[in-house]
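Novice: sequence below, structure please.
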Amino acid sequence: MGTLSNIPPQAVLPLSAYDRDALARAAERADQRLLRADFARATDKRGVMAAIAEAFSLPAHFGHNLDALYDCVTDLRPRGEAEQPGFLVILENLPDTAAFGREQRDALLDVFRDAADFFFDRKTAFRVFYSVRAEGTGRRAAGPPRRGQGNGP
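Specialist: Numbering: from 1, shown residues only. Presented below is the predicted three-dimensional model:
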């Protein structure tokens with residue numbers, strides 16, 4: 001699996017430590033489902049949820065809140081023909097604004113950590129990589145994950 005073999009199968013990690021394109025290629029080679037969302041235009045929770053809904057092709061009934069996000073993400077299915085089923089999620093340019101600051105971002109990433117735990121129980125890889133866009137700039141500001149480097153035992 002190359003690039004992915006050194007990354008725990010259930011993890012939520014800063015993207016800054018990895019090459020985004022190499023991760024995408026590794027997901028394709030491993031036949032894992034790639035989910036990618038860019039939040040360059042999002043400034044608040046509503047914009048973040050809308051970007052996720054569109055990028056992940058979530059169903060019309062998606063409620064645009066964290067509980068609904070967890071439900072929809074854990075309803076996703078890996079590729080049926082995959083020898084090693086899994087997901088690779090890239091969340092780029094999460095906002096760092098007054099309307100979507102560290103607390104909201106941590107809550108969002110906790111949903112993905114909880115989803116990683118869900119998929120661990122189903123022996124399905126669920127790796128999430130994220131970057132944070134500093135307020136008022138196009139630069140990415142990466143921060144350490146709130147609860148360690150990954151999920152799962």
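Novice: and residue 79, how close does it get to residue 124?
Specialist: From residue 79 across to residue 124, the span is 11 Å (Cβ to Cβ, to the nearest Å). In this view, the C-beta of every residue, glycine as well, is placed from N, C-alpha and C.
Novice: overlap in contacts of those two?
Specialist: Residues within reach of residue 79 and of residue 124 at once, by Cβ atoms under 8 Å, 6 or more residues apart in numbering, are residue 85.
Novice: neighbours of the nearest residue to residue 4 once chain neighbours are set aside, just the number please.
Specialist: Once flanking residues are discounted, residue 4 sits nearest to residue 26: 4.8 Å by Cβ to Cβ, 6 or more residues apart in numbering. Neighbour count for residue 26, taken as other Cβ atoms under 10 Å: 21.
Novice: try residue 42
Specialist: Neighbourhood size, residue 42 [other Cβ under 10 Å]: 22.
Novice: which SS class is it?
Specialist: At residue 42 the chain is in coil, as set by DSSP: H, G, I helix; E, B strand; the rest coil.
Novice: mind listing what it touches?
Specialist: Per Cβ under 8 Å, 6+ apart, neighbours of residue 42: 48, 50, 51, 93, 94, 95, 100.
Novice: the residue nearest to it when sequence neighbours are not counted and residue 39, how far apart?
Specialist: Here the nearest residue to residue 42 in space, its sequence neighbours aside, is residue 48; by Cβ to Cβ, 6+ apart that works out to 4.8 Å. Residue 48 is 6 Å from residue 39, where distance means Cβ to Cβ.
Novice: what's the overlap in contacts for the two?
Specialist: By Cβ under 8 Å, 6+ apart, the residues touching both residue 48 and residue 39 are 94, 95.
Novice: quick one: the strands in this protein?
Specialist: 10-14, 33-38, 86-96, 125-134 (DSSP state E).
Novice: so which of these gets nearest residue 72?
Specialist: strand 33-38 (11.3 Å; Cβ to Cβ).
Novice: and the closest one, what does it pack onto?
Specialist: Other helices and strands packing on strand 33-38, by 3 or more Cβ pairs under 8 Å, 6 or more residues apart in numbering; DSSP states H and E, are helix 20-29, helix 45-55, strand 86-96.
Novice: can you rerun that using 6 Å?
Specialist: Strand 33-38 sits against helix 45-55, strand 86-96, with contacts defined as 3 or more Cβ pairs under 6 Å, 6 or more residues apart in numbering; DSSP states H and E.
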